[in-house]
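Colleague: Give me a 3D structure for the following:
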Amino acid sequence: MTQVKPGFGITPLVPAYGRDYATETEVREAWDADKDFLTASGQLINRPQFEPDSKVPIRYRRQHKVAVFTA
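Modeller: Sure thing, here's the model as predicted:
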């Protein structure tokens, strides 16, 4: 498993497999359920791969909005 270090300049993740979420609540539920998200380079990643207390931005609502969650 790859550990992702908290970093500056992390670009927002986007939902994987063509999923999209309409609300921040839906994103939170997917994040807490360890659903997969895509990085800017196309790598699949999910919550357990981030170091604890990392701030992770995730795009939703057709990638027009961004919510930030803690790993």
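Colleague: Got the phi and psi for Gly32?
Modeller: I think there's a mix-up here, since residue 32 is Asp and not Gly. Reported as degrees, to the nearest 10, the phi and psi values for Asp32 are phi -70, psi -30.
Colleague: ok, it touching Pro48?
Modeller: No. Using C-beta atoms under 8 Å, Asp32 makes no contact with Pro48, being 11.2 Å away. Where C-beta positions appear, they are placed from N, C-alpha and C, glycine not excepted.
Colleague: Could you grab the helix/strand/coil label for Glu26?
Modeller: helix (DSSP: H, G, I helix; E, B strand; the rest coil).
Colleague: what about it, neighbour count?
Modeller: Glu26: 16 surrounding residues under other C-beta atoms under 10 Å.
Colleague: With adjacent residues omitted, what lies nearest to it?
Modeller: The spatial neighbour of Glu26 that comes closest, neighbours along the chain excluded (C-beta to C-beta, 6 or more residues apart in numbering), is Tyr60 at 7.2 Å.
Colleague: where's the one you found relative to Pro52, distance?
Modeller: Taking C-beta to C-beta, to the nearest Å as the measure, Tyr60 falls 23 Å from Pro52.
Colleague: Between these two, point out the one with more neighbours.
Modeller: Each of Tyr60 and Pro52 has its neighbours counted (other C-beta under 10 Å); Tyr60 has more, 22 against 8.
Colleague: check contacts around the more buried one.
Modeller: Pro15, Asp20, Tyr21, Ala22, Thr23, Glu24, Glu26, Val27, Val66, Ala67 (C-beta atoms under 8 Å, 6 or more residues apart in numbering).
Colleague: So which of the residues you listed sit within strands?
Modeller: Among these, the members falling in strands (DSSP state E) are Pro15, Val66, Ala67.
Colleague: For the second one, give me its contacts.
Modeller: Listed by C-beta under 8 Å, 6+ apart, the contact partners of Val66 are Pro12, Pro57, Ile58, Arg59, Tyr60.
Colleague: do the last one as well
Modeller: Ala67 is in contact with Glu24, Val27, Arg28, Pro57, Ile58, Tyr60, counting by C-beta under 8 Å, 6+ apart.
Colleague: If you tally nearby residues, what's the number for the first one?
Modeller: Using other C-beta under 10 Å, Glu24 has 16 neighbouring residues.
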